[in-house]
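Enquirer: Fold the stuff below for me.
(chains A and B)
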Amino acid sequence: MLLTRSLPSTSTAVPGARRPAGSAPWRHLDLSLFLAAAAISALGVVMVYATTRFSLAAAGASPTGEMKKELIFTFVGVAAFVATVAFDYKRFLSWAPALYVASLLMLLATFAIGRRTLGATSWIQIGSFQFEPSEVAKLTLVLSLAGLLARRKGDLSGRALLSVLGLAAIPFLLIFKQNALGSALVLAVMLVGMLLMAGTKSRHMVVLAVVAVVGIYGVFTSGLLKPYQVSRITAFITAPAGVSPGGPAAQSSWAATVQYNLDQSKTAIADGGIYGKGLFNGSLTNLSYVPNQSTDFIFTSVAEQFGFAGSALLLGLFLFVLWRTWRAALRSRDLAGTLICVGIMAMITFQVFENVGMTLGIMPVAGITLPFMSYGGSSMVVDWVAIGLVVNVGMRRLI
Amino acid sequence: MRPMASTPGQAGTDAPTTRLRAMAIMVVVVCLFGTLLARLWYLQGVEAQAAQTKIAASEGLKTIYIPAPRGDIFDRNGVLLAGNRLEEVVTVDPGAATAHPSIVAELSALLGEPTAQVQAAIDNPEYGPYQPVPVATGVPESIVLAIDENQSLLPGVHAAAEPVRYYPYATTMANIIGYVSQITGSEYAAVKNRRCGGALCYQPNSQVGQAGIEATYEDYLRGTPGKEVVQVDSQGHVLFRVSYSPPVPGDDLVLSVSLKDQQSAVQALANGITTARGIVDIASGYNYRAPAASMVAEDTNNGQILALATYPDYNPDDFLGGISYSRWKYYNNPANHFPLMDRAVSETYAPGSTWKLITATAQLDYGLRSAYQSYDDTGAFVVGTQVFHDNLDAGLGWVNLPMAITVSSDSYFYSLGYQFWQEWASQKGHPEYLQKIAEQYGLGNYSGIDLPGEAPGLVPSQQVFTKEHDQFPKDYPDPYFYPGQEVLEAIGQGADEVTPLQLVNAYATFANGGTRYRPQVVMDIEKPGNGHAPSGKVVRAFKPAVAGHVTMPGASDRAAMLQGFEGVTANPQGTAYSAFQNFPLSRYPIAGKTGTAQAGPDFSTVGWPKYIQDTSVFSSFAPATAPRYAVDAIFEQSGYGSSVAAPAVESEYKTLLGIKKGKG
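Expert: From the prediction side, this is the model:
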């Protein structure tokens, strides 16, 4: 539309040169998408403060300590967003193979020097910083798959499909081996979304679905999963008997711990009611009664303090982000851009649904962050880079 | 890489299937979000109420109660008898030992206690999860310094001064003051919901008065506990203070008891015991056992108790921080004669001839026999086939009432007892008149003193016998009140039972002309002072309380009785003449009466003889002409009232009246 309206005034321009001026891509930058993500991030910073201030003060630390760190992560994320938007995504696609190999190396490195957090060995410590290669692997996989699939546009033979699957399988298995089951599942969902959009034949999709079902069944029954993983996954369905919240019994087993976490989470959410307790007012949120509340369970603090109204608004923001991403996918100038957007859409959708669903007790407990909100640098930067890629695709649709 | 498609939107969206798949993806996304919203609505719309109820009932706010400093207790002259001393107490924060297990060993080394003992103290279940737990009290300064300087080794361990109950005159005042110790489970169950101001009065580890006025005036002495409400997180960390009300110290008590008079009474009892144990009981040939004794001194004009001593006594400090098993066993071993018992109020005795005050009053009131009508004491009194003997069967010849009191003629009063029984049996005149007068004197009923554990005593009558028989037919098979029983009753024998306190109160009642006051130990309750002297700000003053009146005989009859009682100490024939030989009777005439009561067989008695030796009793008031004090003493198994109890009372009068000891 913009193009047609500007045609008369640019009629003197060289025919075929569609790029009107040097800064033209910036004019198509999806500001609303950026603002939506920024709003979610800002809420995240406030929620991190609400959930950590008292326990920090009780430990003798500054109550704003974690909040300040989260704020810095957000700024770093926005800077990474700007850097991502600055270059045509074509360049990232050309770097994709190198980035892919680099991410595999980092994943391998976690086995040598990784840190254990909540049962998963997925962190690398660099100086005073920790970061999570599995988060980075999401992005490198999106770019690699997008490049590979786009090259086989519309003609995805069985062999090509196998090579694509192989490409995804390597990081998937490495992450799975780190016991970060949730992150591995994110990769799988991204793969499915991208395959769908890349024109994979229906019969191939059916075969893949059957293989997936058999595979999941096999994983569950073959003993590949550790008991805690099974208990985490099933905790939302079965409540172990005799769990006393907070009591020593609750600490005695993973299942009980997870069950306690879930109970507290659901109670905190329900406590919010329709309009919430108000900022800094939820008793469970403010007093650290929901374990992991600044990280994986951060949604509960929104739900308790702002109620159904605020939670629905937050989900609405996420849906808005997804819609703008979908829109960018549809309007992309090429299949690679479309696939990047769809991959990221799949990633955010799965993470939001799994994370929020987990706090609501309708999804298994898996260590998946809520995009832009959960406390943590790696995921924050990766989320912003992901949105950066979407905005990148969207604003270069006319180039 | 082959060139990318150059038409906008063309690449992935041209083909209808691709567009369809994109739509499908968006539909899936919207459905997933719809699922989340539905679930969210269920939790927040439907389950909100239940969750809020659950939260309100669970964790979050914790209340810490801070015990209030207990009120001080002073004697009538302002001498501190019970106060609070600051002692260094070592405490361990809750959870500190769990977080840093090494502190148990460190504390064990520092305090010189076994680790098991330290661990047991830390694990004391009586302390709430947010209260520091005391592990050692009264630790020396060096340990306090060591704890302060080694905080890195001892996280969560603190040393602070805390008030601890303190009794400067421990054993001397023990039976009056009592003691405090930790509340017992059943006591706590009874009072756990009681509220003091905005706080609960008691916690499972509260210190409470367990005996004496520490117990009777618990509500005043306790004060109001402070209350601190803190917000805690799920780990029990205290986050911040929600509210705080400081403890309000308990009120002080000022006693009517004088420390000086009490010390003198305690000394008199000890001396009397020594004396008695040196005397040979002629009837058995063995020395008197003299295991126990008590003495009471009362102000005749208001019922205030000046001294109330009991022997043996106990040390209230033994109960601070919990009594040890060995001490508890010692105090409850019959061989030690139960030092925890305050015999002055809790033990009853046959009062012997001191009871003749009652018989004489009744006789003159009723007009059974006039004061100066003579009676021939032949040394025995016979009812039917039963012979009632005088002491040593000595016939005292013709005696009138004053002389019968002075020389303690039993036959004179035996005959009156029999006459009273006949009056009752023939249903003439007032039934049970002797008993009526005894009750007017306060016998057979609680005096109402503000001390716990008082015994009511017993005045035998047909009414009492019938009641006892109806209640316990096995123990009292015969409900009939025989004449012999009233004959014995008239001289304070048989089933007569009085406490030392009742006896002295009866004499005080006669002394002041017939007004019986309720004996009291506390004069007033005052606002907390500086811990060294009463503040003088009276919260509540205990005015003299009249408990009843005795129908007094006419003035001349009363004078005759008084003459008899004065003769006891002043007349060379008087039974207590020798005890008061060195007393300035001309300045301070003493009206008194000795008593020597048979206590009967007791097969539980250790060693010989197999009976309880005579009780030595003396009861009195002084000065006889303008009475101010009534004093009595009762010595168990100590023989004649004249030889042990009377000298003990004599020495107490010297203190009360300010007469130098050992001087006439």
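
Enquirer: Count the residues that sit near residue 395.
Expert: In the absence of a named chain, chain A is used. By other C-beta atoms under 10 Å in any protein chain shown, 21 other residues sit near A:M395. Quick note: C-beta positions are derived from backbone N, CA and C, even for glycine.

Enquirer: Let me rephrase: I mean chain B.
Expert: Applying other C-beta under 10 Å, we find 12 other residues in the vicinity of B:G395.

Enquirer: how about it, what does it touch?
Expert: B:377-380 (C-beta atoms under 8 Å, 6 or more residues apart in numbering or on different chains).

Enquirer: I'd like to know which of those are buried.
Expert: B:377, B:379 (16 or more other C-beta atoms under 10 Å in any protein chain shown).

Enquirer: I'd like to know which of the contacts of B:G395 is nearest to chain A.
Expert: B:A380 (82.3 Å; C-beta to the nearest C-beta).

Enquirer: Just the pLDDT for that closest one.
Expert: Per-residue pLDDT puts B:A380 at 89.

Enquirer: Could you pull up the residues touching it?
Expert: B:387-390, B:393, B:395, B:411.

Enquirer: Could you rerun that using 10 Å?
Expert: B:387-390, B:393, B:395, B:410-411, B:414 (C-beta atoms under 10 Å, 6 or more residues apart in numbering or on different chains).

Enquirer: Local confidence estimate at residue 358?
Expert: No chain in the question, so chain A it is. At A:M358, the model reports a pLDDT of 91.

Enquirer: oops, chain B please
Expert: What the model reports as pLDDT for B:I358 is 96.

Enquirer: centre of the chain versus the helix or strand containing it, how much separation?
Expert: Element membership for B:I358, per DSSP states H and E: helix B:356-366. Relative to its parent chain, helix B:356-366 has a centroid offset of 34 Å by C-alpha atoms, centre = their mean, to the nearest Å.

Enquirer: strand partners of the helix or strand following that helix, parallel vs antiparallel please.
Expert: Counting by DSSP H and E, the next helix or strand C-terminal to helix B:356-366 is strand B:375-377. Sheet partners assigned to strand B:375-377 using DSSP bridges are listed as strand B:397-399 (antiparallel).

Enquirer: and the next element down the chain from the strand it pairs with?
Expert: helix B:401-407.

Enquirer: what's the following helix or strand after that next one?
Expert: Per DSSP H and E, the first helix or strand lying C-terminal to helix B:401-407 is helix B:410-425.

Enquirer: That following helix to helix B:356-366, inter-axis angle?
Expert: Between helix B:410-425 and helix B:356-366, the angle comes out at 50 degrees (axes from the mean of the first three to the mean of the last three C-alpha atoms, to 10 degrees).

Enquirer: Scan chain B for its longest helix.
Expert: Taking DSSP state H as the criterion, chain B has its longest helix at helix B:16-41.

Enquirer: Return the members of the contacts of B:A380 classed as buried.
Expert: Using 16+ other C-beta under 10 Å, the buried ones in the contacts of B:A380 are B:388, B:390, B:410-411, B:414.

Enquirer: one step back: quick check: the farthest pair among the contacts of B:G395?
Expert: B:D377 and B:A380 (9.0 Å; C-beta to C-beta).

Enquirer: okay, and the common contacts of those two?
Expert: Shared contacts of B:D377 and B:A380 (C-beta under 10 Å, 6+ apart): B:390, B:395, B:410-411, B:414.

Enquirer: just so I have it, where are all the strands in chain A?
Expert: In chain A, the strands defined using DSSP state E lie at A:114-117, A:120-126, A:129-131.

Enquirer: got TSV for the contacts of B:A380, with pLDDT too?
Expert: Output for the contacts of B:A380, formatted as TSV (pLDDT from 0 to 100):
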residue	pLDDT
B:V387	88
B:F388	89
B:H389	86
B:D390	84
B:D393	73
B:G395	83
B:D410	92
B:S411	93
B:Y414	94
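
Enquirer: Quick one: low-confidence residue ranges for the chain.
Expert: Picked chain A for this. Scanning chain A for pLDDT under 70 picks out the ranges A:1-23, A:58, A:114-122, A:126-129, A:154, A:223-257, A:286-289.

Enquirer: ah, I was thinking of chain B
Expert: B:1-15, B:56-61, B:94, B:126-131, B:232-240, B:242, B:428-431, B:601-609, B:661-664.

Enquirer: From chain A, how far off is the residue nearest the centre of it?
Expert: In chain B, the centroid-proximal residue (C-alpha atoms, centre = their mean) is B:G212; its distance is 2.4 Å. Distance of B:G212 to chain A, given as C-beta to the nearest C-beta, to the nearest Å: 44 Å.

Enquirer: In contact with that residue: list those residues for me.
Expert: Listed by C-beta under 10 Å, 6+ apart, the contact set of B:G212 reads B:73, B:82, B:173-180, B:308, B:316, B:342, B:450-453, B:521.

Enquirer: now do B:I177
Expert: Listed by C-beta under 10 Å, 6+ apart, the contact partners of B:I177 are B:73, B:81-82, B:165, B:167, B:169-170, B:209, B:211-215, B:253, B:255, B:257, B:316, B:521.

Enquirer: and what of B:V248?
Expert: Residues in contact with B:V248 (C-beta under 10 Å, 6+ apart) are B:68-69, B:196-197, B:199, B:222-226, B:528.

Enquirer: Doesn't B:N84 lie inside a strand?
Expert: Yes. Assessed with DSSP: H, G, I helix; E, B strand; the rest coil, B:N84 lies in a strand.

Enquirer: And the residue of the stretch 401-550 of chain B closest to chain A?
Expert: Taking C-beta to the nearest C-beta as the measure, the point where the stretch 401-550 of chain B comes nearest chain A is B:P528, at 35.7 Å.

Enquirer: Could I get the phi/psi values of the closest residue to B:S643 other than its chain neighbours?
Expert: Distances taken as C-beta to C-beta, 6 or more residues apart in numbering or on different chains place B:I279 nearest to B:S643, at 6.3 Å, with adjacent residues excluded. Dihedral pair for B:I279: phi -100, psi 140, per degrees, to the nearest 10.
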